[in-house]
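Got a predicted model here, sequence first, then my questions.
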Amino acid sequence: MSQEMHVFLNKSRVPDRSSWQASISSLGLPLVFNLNLNPLVDTGFSPAKIKDIDSGFEIYSESAKEILQSYPNITKAVGNRDWCITFQWGGNLNECACVMAASAGLVKLCNALAFFPGDDLTYDLNGLLNEANSCLADKRK
């Protein structure tokens, strides 16, 4: 079953790969992006490594307005953030950890808002860090 995470931010603040990677690393998360990642134009599967294990996620980028048509209940929380990076993943906990770490990096670096429609929840940085670490801990079992 596919899961989604929508991360809302201002398009003018979408980081390049190296800035985003540095934000994730500063949080102590073991995610390493594909060297060619371009969050403004990439679509589909983006390979990554989590704890040196091959993994990744699907990534899509579009106007926040398009996404908010499906989720009008979060419009106020999204505020003036005009762009959305959407991540999709399957049931794999490594992929989930990648998405949570990538989302945390955007929240920290860009004042982004992460929204998980599966549970109708918005996440702050601490919530994303807890989820990422939970995925990584469950994977070790």
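Okay, I see it.

if I look at Trp20, how far off is Leu121?
According to Cβ to Cβ, to the nearest Å, Trp20 stands 23 Å off from Leu121. (Each C-beta comes from the backbone N, C-alpha and C, glycine too.)

And Asn10, by the same measure?
Asn10 is 22 Å from Leu121, by Cβ to Cβ.

Who has more neighbours out of those two?
Each of Asn10 and Leu121 has its neighbours counted (other Cβ atoms under 10 Å); Asn10 has more, 15 against 12.

what helix or strand is the spatially most central residue of the chain on?
Nearest to the mean C-alpha position of the chain, by Cα atoms, centre = their mean, lies Ser103 at 2.9 Å. Using DSSP states H and E, Ser103 falls within helix 93-110.

Alpha carbons only: can I get that helix in CSV?
Output of helix 93-110 as CSV, limited to C-alpha atoms (Å, rounded to 0.1, in the frame of the first residue of the first chain):
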residue,chain,number,x,y,z
LEU,A,93,10.5,0.9,6.7
ASN,A,94,13.7,2.1,5.0
GLU,A,95,11.7,4.0,2.5
CYS,A,96,9.6,5.5,5.3
ALA,A,97,12.8,6.5,7.2
CYS,A,98,14.0,8.2,4.0
VAL,A,99,10.8,10.2,3.6
MET,A,100,10.7,11.2,7.2
ALA,A,101,14.4,12.3,7.1
ALA,A,102,13.9,14.2,3.8
SER,A,103,10.8,15.9,5.2
ALA,A,104,12.6,16.9,8.4
GLY,A,105,15.4,18.4,6.4
LEU,A,106,12.9,20.6,4.6
VAL,A,107,11.1,21.6,7.7
LYS,A,108,14.3,22.7,9.4
LEU,A,109,15.8,24.4,6.4
CYS,A,110,12.7,26.0,4.8
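
Show the subsequent helix or strand relative to it.
strand 113-116.

re earlier: so how far is the helix holding Ser103 from its chain's centroid?
4 Å (Cα atoms, centre = their mean, to the nearest Å).

and what of stretch 21-32?
Put simply, stretch 21-32 sits 12 Å off its chain's centre (Cα atoms, centre = their mean).

Now do the end-to-end distance for it.
Criterion Cα to Cα, to the nearest Å; first-to-last residue distance in stretch 21-32 is 7 Å.
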